[in-house]
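1. here's my sequence, what's the structure:
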Amino acid sequence: MQCILILGNPSIWAISLEERDKHDKKFDTLSPSMGYVSGEQAKKFFLQSGLPPAVLAEIWALADMNKDGKMDRLEFSIAMKLIKLKLQGTPLPTALPIIMKQPPVPVPTLTVPASTYGTVKIPLVPTATGLSPLVAAASPRPLVSTLGTGGLPNGGLGLLQPTPAGAMSSFSSTSVPSDWAVPHASRLKYRQQFNSLDKQMTGYLSGMQVRSAMATTMLTQTQLASIWTLADIDKDGKLNAEEFILAMHLVDMAKFGQSLPLSLPKELVPPSQRYFDKFKANLERGNAELEKRRQALQEAERREQERREQLRREEQERKEREAREAEEKRRIEEERRLERQRELERIREEERKKEIERKEAAQRELERQRKEEMERRKKGELQIKREQDQDDIIKLKAKKRSLEMELEAGNKHKQIEDRLRDIQNKKKHQKTDIDVTNQRKEACQLDMSNIQMQLEEFQRKLAQLNPEQRRLSEKLKSMALNVPGSYLKL
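-> Model (predicted):
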């Protein structure tokens, strides 16, 4: 068979359209949220490739371009491409190639004319030196199943190709550790069978799928149950690629007459599982050490918390004591201020009372003087009136004596009677005058009563003005408290 290559030399890091379509389909099976898959979802899926977690961590660091701990479609496709290249023996780059960030490119093909099979277009496989055909140019070796990637997360090609011995040994040294008791040829063979059975590219096979694969082994149900128990290491009721390879290896052992072990020997445990066991043990030891440190830190934190709480209580007590002392000082100052205020109010009240008493005494004195003056005036008027009456009486007595003398003389008896009547009339008039004087006296007394009533009215008005005076005094007191200097000036 002669192969004629008609192709360029594109980069091995380029993602083809077919690969991108497969990656997108696989991305959709992970139920992305808001266009992203979480780190936990991607981790569980990538571990199905069989690569060590350390290598997957490097691939994650390269693919997670924005370092947000989750992947979109482009980042997921880049990670799948890197996993595929790593499984094929290509070393990981130190930095993400720019071409992987660009849109997908078509997969180049080569045309292989052959006399027996006709002209065939075969996809190329990226290698460290460029692109190589998936089928050797000329090989007398029969076709054997190679490590397809249909069951891998990236959904690679599941084609049959002739595998040179040198390429087989090279791939074995780069993809799977050599300390696994399962022969390398069996690994490749059963990996290809796993890929062919995993049509949905879920990364694992169910019990029904494995049963259909083992139906032709002619083993008993007891042997098959023992093989399933030994191969299902994580006891999840399904087999991933390594567990399926182990199960088929145990089938081969049973078919060759070897007895199945009761428990899985260490050399048959898949390397990734051993790594996880060591990792789990180291993790448990680390967790125990972290627990000790955490308890020590908690104890130290508790002591520090108690010390801080003690300091806080002491500080709180000190502040409360200072607050009580300050409150006591304020209370004493307030009592002193109130005492001074009460003393000032008492002094002002005494001065006000004294002033009122002085005004009332002056008012009483004025009223007394006015009454005395009125009484003196009335007494003087009455004295003058009495003197006038006495003079009139003396005159009348003198006239009476003269009339009596005239009567004695026998003269003018009738005149005397007339004069006597006149005198009596005069006396009546004088009595009338006295009545008039008495009326005037009564009028004066009525005036005095009116004046007394006016005085009482004035006193009532003065009593009504006293609250206003007290209000003004309180206002003056508040102004004096607000402006101490003004009170001193006052």
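2. pLDDT wise, what is Ser486 at?
-> With respect to pLDDT, Ser486 scores 49.
3. give me the distance between Lys189 and Lys86.
-> Here the criterion is Cβ to Cβ, to the nearest Å. By it, Lys189 lies 21 Å from Lys86. Backbone N, C-alpha and C define where each C-beta goes, glycine included.
4. hang on, I meant Lys379
-> In terms of Cβ to Cβ, Lys379 sits 147 Å off from Lys86.
5. those two: which has the busier surroundings?
-> Shown here are Lys379 and Lys86; by other Cβ atoms under 10 Å, Lys86 has more neighbours (19 against 11).
6. off-centre distance for the stretch of helix or strand the more buried one belongs to?
-> For Lys86, the host element (DSSP states H and E) is helix 73-87. Here the centre of mass of C-alpha atoms in helix 73-87, compared against the chain's by Cα atoms, centre = their mean, to the nearest Å, lies 42 Å away.
7. go ahead and flag the most central residue of the protein.
-> Residue closest to the mean C-alpha point of the chain, counted by Cα atoms, centre = their mean, is Gln305 at 24.1 Å.
8. that residue and Leu311, how far apart?
-> Distance from Gln305 to Leu311, by Cβ to Cβ: 11 Å.
9. so where is this structure shaky, pLDDT-wise?
-> 1-10, 105-179, 275-281, 410-413, 483-490 (pLDDT under 70).
10. what about the helices in it?
-> All helices of the chain, identified by DSSP state H, fall at 17-29, 39-46, 53-63, 73-87, 165-175, 184-197, 207-214, 221-231, 241-255, 271-409, 413-482, 484-489.
11. what about these, which gets the closest to Pro103?
-> Smallest distance to Pro103 across the helices of the chain (Cβ to Cβ): 8.5 Å, for helix 17-29.
12. tilt between the closest one and helix 73-87?
-> 110 degrees (axes from the mean of the first three to the mean of the last three Cα atoms, to 10 degrees).
13. please name every helix or strand in contact with helix 17-29.
-> helix 73-87 (3 or more Cβ pairs under 8 Å, 6 or more residues apart in numbering; DSSP states H and E).
14. flag every buried residue along the helix it packs on.
-> 73-87 (16 or more other Cβ atoms under 10 Å).
15. how is the chain partitioned into domains?
-> Following automatic domain parsing, one finds the domains of the chain at 1-141, 298-489.
16. pick the most buried one from the ones you listed.
-> domain 1-141 (a mean of 16; mean count of other Cβ atoms under 10 Å).
17. re earlier: can you redo the helices of the chain as JSON lines with distance to Pro265?
-> Below are these laid out as JSON lines (distance: least, Cβ to Cβ, whole Å):
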{"stretch": "helix 17-29", "distance to Pro265": "34"}
{"stretch": "helix 39-46", "distance to Pro265": "27"}
{"stretch": "helix 53-63", "distance to Pro265": "23"}
{"stretch": "helix 73-87", "distance to Pro265": "26"}
{"stretch": "helix 165-175", "distance to Pro265": "21"}
{"stretch": "helix 184-197", "distance to Pro265": "16"}
{"stretch": "helix 207-214", "distance to Pro265": "21"}
{"stretch": "helix 221-231", "distance to Pro265": "10"}
{"stretch": "helix 241-255", "distance to Pro265": "11"}
{"stretch": "helix 271-409", "distance to Pro265": "12"}
{"stretch": "helix 413-482", "distance to Pro265": "101"}
{"stretch": "helix 484-489", "distance to Pro265": "103"}
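18. to Leu96, which of these lies closest?
-> It is, among the helices of the chain and with distance given as Cβ to Cβ, helix 53-63, at 4.8 Å.
19. quick one, that closest one and helix 39-46 angle?
-> Using the same axes, to 10 degrees: helix 53-63 against helix 39-46 is 120 degrees.
20. what does helix 53-63 rub up against?
-> For helix 53-63, contacts defined as Cβ atoms under 8 Å, 6 or more residues apart in numbering pick out 39, 42-43, 46-47, 49, 51, 71, 75-76, 78-79, 82-83, 86, 92-93, 95-96, 275, 279.
21. hmm, 6 Å instead?
-> 46, 75, 78-79, 82, 92, 96 (Cβ atoms under 6 Å, 6 or more residues apart in numbering).
22. adding distance to Ser206, write the domains of the chain out as a markdown table.
-> Formatted as a markdown table, the domains of the chain follow (distance: least, Cβ to Cβ, whole Å):
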| stretch | distance to Ser206 |
| --- | --- |
| domain 1-141 | 14 |
| domain 298-489 | 46 |
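23. out of these, nearest to Leu260?
-> The nearest among the domains of the chain, by Cβ to Cβ, is domain 1-141 at 23.9 Å.
24. for Phe46, see how far away the closest residue to Gly69 other than its chain neighbours is.
-> Leaving out its chain neighbours, the residue that sits closest to Gly69 by Cβ to Cβ, 6 or more residues apart in numbering is Gly39, at 5.1 Å. The gap separating Gly39 from Phe46 is 10 Å, by Cβ to Cβ.
25. select, out of the domains of the chain, the one closest to Gln258.
-> domain 1-141 (25.1 Å).
26. gap between stretch 86-103 and the chain center?
-> Worked out by Cα atoms, centre = their mean, stretch 86-103 lies 46 Å from the chain centre.
27. please apply the same query to stretch 215-235.
-> 58 Å.
28. how about it: buried residues?
-> Applying 16+ other Cβ under 10 Å to stretch 215-235 flags 219, 223-224, 226-228, 230-233 as buried.
29. distance between the ends of that stretch?
-> In stretch 215-235, first residue to last residue: 22 Å (Cα to Cα, to the nearest Å).
30. also stretch 214-226?
-> Stretch 214-226 end-to-end distance (Cα to Cα) = 13 Å.
31. got it, and stretch 235-243?
-> 11 Å.
32. and for that stretch, what's in contact with it?
-> Contacts for stretch 235-243 (Cβ under 6 Å, 6+ apart): 48, 50, 151, 194, 204-206, 210, 231, 270.
33. give the buried subset of those as a PyMOL selection command.
-> In PyMOL, a selection of the buried entries from the contacts of stretch 235-243 looks like this (16+ other Cβ under 10 Å):
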select buried, resi 48+50+151+194+204+205+210+231+270
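34. tell me which of the contacts of stretch 235-243 is nearest to Lys461?
-> Gln48 (112.1 Å).
35. can I assume that closest one is in contact with Gly203?
-> Yes - counting by Cβ atoms under 6 Å, Gln48 touches Gly203, with 3.4 Å between them.
36. phi, psi of Pro261?
-> For Pro261, the backbone dihedrals (degrees, to the nearest 10) come out as phi -70, psi 150.
37. sorry, slip of the keys, the one I care about is Asp198.
-> According to degrees, to the nearest 10, Asp198 has phi -80, psi 70.
38. and it, how many neighbours does it have?
-> Asp198, neighbours per other Cβ under 10 Å, totals 22.
39. what distance do you get for it to Gln48?
-> 10 Å.
40. what about the residue nearest to Gln430 when sequence neighbours are not counted, distance to Asn438?
-> Closest residue to Gln430 apart from its sequence neighbours, by Cβ to Cβ, 6+ apart: Asp392 at 6.0 Å. Distance from Asp392 to Asn438, counting by Cβ to Cβ: 17 Å.
41. what does Arg330 give?
-> 77 Å.
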